[in-house]
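Participant: Below are the sequence and a predicted model for it; my questions follow.
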Amino acid sequence: MGVVTDIRSGRSPERVDGAVHCVKAGRSGSASVSLFWRIFSLNAAGLVVATALLLGPVTVSTPVLVGEALVLLGGLVLLLAGNALVLRFGLVPLQRLDRAMATADLLRPGSRPVVSGPAETAGLITTYNTMLDRLEAERAAGTARALSAQESERHRIARELHDEVGQTLTAVLLQLKRVADRAPEDLREEVGQAQEATRAGLDEIRRIARRLRPGVLEELGLASALRSLAGGFTTHGLTVRPHVTGELPDLTPEAELVVYRVAQEGLTNTARHATADQAELRLQPGPDGVELLVRDNGTGLGDATEGAGITGMRERALLIGATLTLEPARGGGTDVRLRVPVTEGLR
């Protein structure tokens, strides 16, 4: 774009770049002055000029008496103080709006600045709140479509792994067994090692397929699925104690899937990043619905930023109106809590 501008204007690239730099510098310089000081400086300049005129030829006395000058200066100070006070209180709603815009997070919806101030300011805050409502609704709809497509792709991959790759490896195992039966003594050990490697690969593929598509969730329910999930992580070096207590309300299939995926991602993060050897997976009735807790004895959150895993958990929670919180656990480690309210997540 810069080359085209140079050719049309007939100016050298250095002059064009210099002009752009000056414009940017001017904009950044003007932006550094707050609206409060712009309005205050303008009003102050007018008051100073008016006071200077009164101290000139148009005065009560000639020459100006000391008492008159003191009265005028005192009035100027009072006017400036009153002007500053009015502007300061008048711009408070804009300052609140600025803080709300700086801290807005679509993954933590619901926070809105209070509509207050003059008509123009109140209208601006109302427009901003309406924009946030629209953005949150659009993000929730887009996230729902993306996660639905993701789950469909998970099911397809799991089915292909189970039906195609799994059956192929099963056939290879049967063929290796026939070879082992007819192989000489000096080759049977090597064939046996090939059998064990193939069997291990088949078990790993089945484990991956179960993680991609939790069939136990559809067949046996959420409680059994969570116990099976905890057992799967326990066999891979992390001791997970599952606790499913009390009579749980019936959840929608979407809510059950969200609870399962959050538990799965929480345990995955624990196994990969927390350097923990103990974890607890608890599902219990809450004061307003169902609460899932994933607790570990690892190193805690620290100063690490939230990655794609935690962001995915927050997006899934939003789909069913649930609340996800991450906080330090008692005695070290991390607590991941998912609260599913009755009004949104339950049938």
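Facilitator: Structure received. Values in this document were obtained by computation on a predicted structure and should not be read as measured data.
Participant: If I look at residue 241, what pLDDT would I see?
Facilitator: Residue 241 is assigned a predicted lDDT (pLDDT) of 90.
Participant: quick check: mean pLDDT across the helix or strand that contains residue 89?
Facilitator: Using DSSP states H and E, residue 89 sits in helix 66-90. What helix 66-90 shows for mean pLDDT is 77.
Participant: Could I get the buried residue list for the helix or strand where residue 266 lies?
Facilitator: For residue 266, the host element (DSSP H and E) is helix 253-273. Applying a neighbour-count criterion of 16 or more other Cβ atoms under 10 Å, one finds 254-267, 269-271, 273 buried in helix 253-273. Heads up, the C-betas are built off the backbone N, CA and C, glycines and all.
Participant: chain center to it: distance?
Facilitator: Computed by Cα atoms, centre = their mean, to the nearest Å, the chain-centroid distance of helix 253-273 equals 16 Å.
Participant: Just the mean pLDDT for it, thanks.
Facilitator: 87.
Participant: Check stretch 208-220 too.
Facilitator: The model assigns stretch 208-220 a mean pLDDT of 77.
Participant: Please export the C-alpha coordinates of that stretch as CSV.
Facilitator: What follows is stretch 208-220, C-alpha atoms only, in CSV (Å, rounded to 0.1, in the frame of the first residue of the first chain):
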residue,chain,number,x,y,z
ILE,A,208,-7.6,-43.3,22.8
ALA,A,209,-10.9,-44.2,21.2
ARG,A,210,-12.6,-44.3,24.6
ARG,A,211,-11.2,-40.8,25.4
LEU,A,212,-12.4,-39.4,22.1
ARG,A,213,-15.9,-40.9,22.5
PRO,A,214,-16.8,-41.9,26.0
GLY,A,215,-19.2,-44.7,25.2
VAL,A,216,-19.5,-45.5,28.9
LEU,A,217,-21.1,-42.1,29.4
GLU,A,218,-23.9,-43.0,26.9
GLU,A,219,-24.3,-46.6,28.2
LEU,A,220,-23.9,-46.4,32.0
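Participant: which residues sit in contact with residue 162?
Facilitator: 205, 206, 209 (Cβ atoms under 8 Å, 6 or more residues apart in numbering).
Participant: Also residue 199?
Facilitator: If you count contacts by Cβ under 8 Å, 6+ apart, residue 199 has them with residue 173.
Participant: what do you get if the cut-off is 10 Å, keeping everything else the same?
Facilitator: Going by Cβ atoms under 10 Å, 6 or more residues apart in numbering, residue 199 touches 169, 170, 172, 173, 176.
Participant: any idea of the angle the helix or strand harbouring it forms with helix 253-273?
Facilitator: Using DSSP H and E, residue 199 sits within helix 185-212. Angle between the axes of helix 185-212 and helix 253-273 is 130 degrees (criterion: axes from the mean of the first three to the mean of the last three Cα atoms, to 10 degrees).
Participant: In helix 185-212, which residues are buried?
Facilitator: 191, 195, 198, 202, 205, 206, 209, 210, 212.
Participant: my guess is residue 317 contacts residue 265, does it?
Facilitator: No: look at residue 317 against residue 265 with Cβ atoms under 10 Å: they stay out of range, at 11.0 Å.
Participant: all helices of this protein, in order?
Facilitator: Using DSSP state H, the helices assigned to the chain run over residues 2-9, 13-31, 35-54, 66-90, 92-103, 119-160, 166-182, 185-212, 215-220, 222-234, 253-273, 308-319, 342-345.
Participant: excluding its backbone neighbours, what's nearest the residue nearest to the spatial centre of the chain?
Facilitator: Centre of the chain computed as the mean C-alpha position; nearest residue by Cα atoms, centre = their mean is residue 107, 4.5 Å away. In space, residue 107 comes closest to residue 314 once its chain neighbours are excluded; the distance is 4.4 Å by Cβ to Cβ, 6 or more residues apart in numbering.
Participant: Can you tell me how far residue 280 is from residue 318?
Facilitator: 25 Å (Cβ to Cβ, to the nearest Å).
Participant: the more surrounded of these two?
Facilitator: Neighbours per residue, other Cβ atoms under 10 Å: of residue 280 and residue 318, the larger number sits with residue 318, 21 against 18.
Participant: What's the separation between the residue lying closest to that one once chain neighbours are set aside and residue 105?
Facilitator: Spatially, and ignoring its direct neighbours in sequence, residue 318 is nearest to residue 140 (5.7 Å; Cβ to Cβ, 6+ apart). Counting by Cβ to Cβ, the separation of residue 140 from residue 105 is 14 Å.
Participant: The two: which is more packed in?
Facilitator: The neighbour comparison of residue 140 against residue 105 (other Cβ under 10 Å) goes to residue 140, with 16 against 8.
Participant: Surely residue 211 touches residue 158?
Facilitator: Yes: assessed by Cβ under 10 Å, residue 211 is found in contact with residue 158 at 8.3 Å.
Participant: So this structure: which segments form each domain?
Facilitator: When the chain is parsed with automatic domain parsing, its domains come out as 2-138, 154-212, 220-345.
Participant: how many neighbours does residue 41 have?
Facilitator: Residue 41 has 11 nearby residues by other Cβ under 10 Å.
Participant: same question but for residue 78, I mixed them up
Facilitator: With other Cβ under 10 Å as criterion, residue 78 counts 10.
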